[in-house]
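Undergrad: Sequence below, structure please.
(chains A, B, C and D)
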Number of protein chains: 2
Amino acid sequence: MNSGNGASIAEQIRRDLGRLTPNERRAAHRLLAGYPMAGLDTAARFGEAAGVSAPTVLRMIAKLGFSSYGAFQDGLKQELAAQRATPLTKGGTSPSGDPLDAFALAAIANLRATAENVPREEFDAAVRLIADPRRPLHLLGGRFTDAIAAYMATHLRVLRPHVQHIEGQPAAWFDRLLDIGKQDVIVLFDIRRYSDDLVVFAERAARQGARIILITDPWLSPISKVARHVLPAHVPAPSVWDSSAGLLLLAEALTAGVAEQSSVARDRLEALERLRRGE
Amino acid sequence: MNSGNGASIAEQIRRDLGRLTPNERRAAHRLLAGYPMAGLDTAARFGEAAGVSAPTVLRMIAKLGFSSYGAFQDGLKQELAAQRATPLTKGGTSPSGDPLDAFALAAIANLRATAENVPREEFDAAVRLIADPRRPLHLLGGRFTDAIAAYMATHLRVLRPHVQHIEGQPAAWFDRLLDIGKQDVIVLFDIRRYSDDLVVFAERAARQGARIILITDPWLSPISKVARHVLPAHVPAPSVWDSSAGLLLLAEALTAGVAEQSSVARDRLEALERLRRGE
DNA sequence: CCCACCCTGTAACGTATATTTCAGTTCGGC
DNA sequence: GCCGAACTGAAATATACGTTACAGGGTGGG
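TA: Below you'll find the model as predicted:
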């Protein structure tokens, strides 16, 4: 019955401080002083830091209304997570009032978090895989993210041959599986409200030996089970839907990486330039 | 030995990610996604959240150099405590050679500049126009930006009726002009290397009385001459191509504005939710 | 001065958790 | 296509922890 409502545990402690015995109070003060990290230690270490025994700590926790020390720690963690989730941007209603500003701030936070959390090895490995002109490349996304896949495909088609954006109805996707084997690389976009069809498609493709690069949200689409490389992007936005800015960032940065690293890509860009000048 | 180097555990994970086995990597990803709270759970729950077993989690932790799961959790707590001490030390990512960082910084600068430079009257007027359910809406983009138009169309189709993404070859676009009149609204995306076809299409549509909303780069596509509303987005990026992050920001922010302002959109979203629950 | 009560820590207990072992399975290489 | 190595999770084991019972000690009242 203590589930995460607004009242912080610290407030609760200050309120109930009068009911506590002297040594229990010492423990409570120690918790307030080192809030909330002190409470994440074991009861014994927590007690030692406060100069009391473990049972005293337990008794204090019990008096605060927690059914167990574990429940108390869970409460602390929940508080920490909630606090950490809103660093600065989310004032809830209107810190700046302007919706475009609010959206831009959210998108910026997403880009920053995405860039910070994407493992560089995964990113580099994905670039290498996508840059390999001998490996047929397929791109596909979910209902909303498929546009990002199409966007990426349009650019990659300039840089290398054998780039396919898988289109049409899900039932038609599976025809492609006929030609997909160990050499093929599949770039998939899948975020919350994960697409069942996409998951099935990915599983079959993986079983046939295809290498899957997955771009998803931090909760990880189930496709991550069969994906060779996973790149998570942050997506929260002040809107009915999530923002795909992080997905787009990854798509563009991967493309830029291919353009820079692949000699085939450079040659093609040069040739294209010559064609434009009419040679 | 802890505070001296800035090496966070997250960085350490990204560095050692290559040494990890596939399932260990899944666990590592889960940790990065829910950093750092995910690591404060028990090993079993952590593993379950990542879809792997507890021993796999333990093996990953061991490979990161921790002598035990407890030591790992202590490290996380220390990091949390240190982070909490300083409110927000990060002024900005240093000009490191990392390409993903570089791209993210450029994209962030674009979003910021876009949000600053878009006239609010234009933005609000565009939202009102797009939100009007009686006005047939058409979306179209250039070679690369058309994916953004498709993305926006997919979302808007949920919020209102009569949303058309104009597809196919340029020659086919003009068939649409037969049905376009004073009531119609056209959202166009066009950035550098402006599309001739798109310009011609816009001119004809304008002559027939259609209202054009143009999303372009700061140099303004020639379409701006016939557009009712112009929203410029910044696009430079360290790549062969420009970044469309600013375009996407406007597309998403416009969509969010429609979802919030239009009563029709709200009704539709509610109805949709009921349908999902199977009524 | 003694008694009764309340704190408080020690020590024993049971449980939940980390850790290890091991066998099944998969995957890559020859 | 077969073999070997590596990966993975189920089950067994060890350990650390929360929890509880209990006895010593301090304190105020009679």
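Undergrad: When you work out contacts or count neighbours from here on, use the C-alpha atoms and nothing else.
TA: Noted.
Undergrad: and the gap between the residue nearest to the spatial centre of chain A and residue B:237?
TA: Residue closest to the average C-alpha location in chain A (C-alpha atoms, centre = their mean): residue A:218, at 2.0 Å. Using C-alpha to C-alpha, to the nearest Å, we find residue A:218 at a distance of 25 Å from residue B:237.
Undergrad: what does residue A:40 give?
TA: 44 Å.
Undergrad: What segments of the stretch 151-279 of chain A are helices?
TA: A:170-176, A:196-207, A:245-261, A:263-276 (DSSP state H, counting those that start in this stretch).
Undergrad: which stretches of chain A have low pLDDT?
TA: Within chain A, the stretches with pLDDT under 70 are A:1-7, A:83-96, A:279.
Undergrad: all strands of it, in order?
TA: Assignment of strands within chain A using DSSP state E yields the ranges A:137-141, A:163-165, A:185-190, A:211-216, A:229-232.
Undergrad: Give me the helices and strands touching the last one, please.
TA: The contact analysis (3 or more C-alpha pairs under 8 Å, 6 or more residues apart in numbering or on different chains; DSSP states H and E) places strand A:229-232 against helix A:120-131, strand A:211-216.
Undergrad: is it possible to export the ones you listed to JSON lines including mean neighbour count and distance to chain B?
TA: Below are the helices and strands packed on strand A:229-232 laid out as JSON lines (neighbours: other C-alpha atoms under 10 Å in any protein chain shown; distance: least, C-alpha to the nearest C-alpha, whole Å):
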{"stretch": "helix A:120-131", "mean neighbour count": "20", "distance to chain B": "6"}
{"stretch": "strand A:211-216", "mean neighbour count": "27", "distance to chain B": "11"}
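Undergrad: Mind putting these into JSON lines with distance to DNA strand D?
TA: JSON lines is the format used below for those (distance: least, C-alpha to the nearest atom of the strand, whole Å):
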{"stretch": "helix A:120-131", "distance to DNA strand D": "16"}
{"stretch": "strand A:211-216", "distance to DNA strand D": "15"}
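Undergrad: will you turn the ones you listed into JSON lines that also has distance to residue B:255?
TA: What follows is these, written out as JSON lines (distance: least, C-alpha to C-alpha, whole Å):
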{"stretch": "helix A:120-131", "distance to residue B:255": "30"}
{"stretch": "strand A:211-216", "distance to residue B:255": "22"}
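Undergrad: Nearest to residue B:137 among the ones you listed would be which one?
TA: For residue B:137, the closest of these is strand A:211-216, at 30.3 Å, according to C-alpha to C-alpha.
Undergrad: what does that closest one contact?
TA: Residues outside strand A:211-216 that contact it (C-alpha atoms under 8 Å, 6 or more residues apart in numbering or on different chains) are A:126, A:182-191, A:202, A:206, A:223-224, A:226-233, A:247, A:250.
Undergrad: Drop anything exposed from those.
TA: A:126, A:184-191, A:202, A:206, A:223-224, A:226-233, A:247, A:250 (16 or more other C-alpha atoms under 10 Å in any protein chain shown).
Undergrad: OK, contacts around the spatially closest residue to residue A:106 that is not a sequence neighbour?
TA: Of all residues beyond its chain neighbours, the one nearest residue A:106 is residue A:237 (5.6 Å), with distances taken as C-alpha to C-alpha, 6 or more residues apart in numbering or on different chains. By C-alpha under 8 Å, 6+ apart, the residues touching residue A:237 are A:103, A:106-107, A:243.
Undergrad: For DNA strand C, state which of those residues is nearest.
TA: For these, the residue nearest DNA strand C by C-alpha to the nearest atom of the strand is residue A:243; the value is 33.3 Å.
Undergrad: pretty sure residue A:131 is touching residue A:266, no?
TA: No. Counting by C-alpha atoms under 8 Å, residue A:131 stays clear of residue A:266, with 11.2 Å between them.
Undergrad: Grab the nearest non-local neighbour of residue A:238.
TA: Distances taken as C-alpha to C-alpha, 6+ apart place residue A:103 nearest to residue A:238, at 6.2 Å, with adjacent residues excluded.
Undergrad: Counting neighbours, what do you get for the one you found?
TA: A count of nearby residues for residue A:103, using other C-alpha atoms under 10 Å in any protein chain shown, gives 26.
Undergrad: for residue A:57, same thing?
TA: Using other C-alpha under 10 Å, residue A:57 has 25 other residues around it.
Undergrad: cool, and the one 10 residues further on?
TA: A count of neighbours around residue A:67, defined by other C-alpha under 10 Å, yields 13.
Undergrad: Over to the one 3 residues further on?
TA: One way to gauge burial is a neighbour count; for residue A:70, by other C-alpha under 10 Å, it gives 13.
Undergrad: For it, give me its contacts.
TA: Contacts of residue A:70 by C-alpha under 8 Å, 6+ apart: none found.
Undergrad: swap the cut-off to 10 Å and go again
TA: With contacts defined as C-alpha atoms under 10 Å, 6 or more residues apart in numbering or on different chains, residue A:70 is in contact with A:40, A:42-43, A:76.
Undergrad: so which of these are also by chain B?
TA: Filtering the contacts of residue A:70 for proximity to chain B by C-alpha under 10 Å from any C-alpha of the partner chain leaves residue A:40.
Undergrad: of the contacts of residue A:70, closest to chain B?
TA: Of all the contacts of residue A:70, the one with the least separation from chain B (C-alpha to the nearest C-alpha) is residue A:40, at 8.0 Å.
Undergrad: hang on, isn't the closest one packed against residue A:47?
TA: No. Residue A:40 lies out of contact with residue A:47 (C-alpha atoms under 10 Å); the separation is 11.7 Å.
Undergrad: what's the overlap in contacts for these two?
TA: With C-alpha under 10 Å, 6+ apart as the test, residue A:40 and residue A:47 both reach residue A:31.
Undergrad: quick one: which of those two has more around it?
TA: Comparing residue A:40 with residue A:47 by other C-alpha under 10 Å, the one with more neighbours is residue A:47, at 26 against 22.
Undergrad: residues touching that one, list them.
TA: A:23-24, A:26-28, A:30-31, A:38-39, A:41, A:53-58.
Undergrad: farthest-separated two in these?
TA: Farthest pair in the contacts of residue A:47, by C-alpha to C-alpha: A:23 and A:41, 18.2 Å.
Undergrad: Quick one: end-to-end length of stretch A:205-222, please.
TA: The first and final residues of stretch A:205-222 sit 14 Å from each other (C-alpha to C-alpha).
Undergrad: Apologies, that question was intended for stretch A:224-235.
TA: Using C-alpha to C-alpha, one end of stretch A:224-235 lies 17 Å from the other.
Undergrad: Is it in proximity to DNA strand D?
TA: No. Figure legend: stretch A:224-235 not in contact with DNA strand D (C-alpha under 7 Å from any atom of the strand); closest approach 9.4 Å.
Undergrad: Pull the distance from that stretch to the chain's centre.
TA: Distance of stretch A:224-235 from the chain centroid (C-alpha atoms, centre = their mean, to the nearest Å) equals 8 Å.
Undergrad: what's the answer for stretch A:28-36, then?
TA: Averaging C-alpha positions (C-alpha atoms, centre = their mean) puts stretch A:28-36 32 Å from its chain's average.
Undergrad: Pull out the buried residues from that stretch.
TA: In stretch A:28-36, counting by 16+ other C-alpha under 10 Å, buried: A:28-32, A:35-36.
Undergrad: circling back to that earlier point, can you list the strands of chain A in a markdown table and add distance to residue B:178?
TA: Below are the strands of chain A laid out as a markdown table (distance: least, C-alpha to C-alpha, whole Å):
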| stretch | distance to residue B:178 |
| --- | --- |
| strand A:137-141 | 33 |
| strand A:163-165 | 31 |
| strand A:185-190 | 37 |
| strand A:211-216 | 41 |
| strand A:229-232 | 45 |
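Undergrad: For residue A:82, find the nearest of those.
TA: The minimum distance between residue A:82 and the strands of chain A falls on strand A:229-232, with 20.5 Å, by C-alpha to C-alpha.
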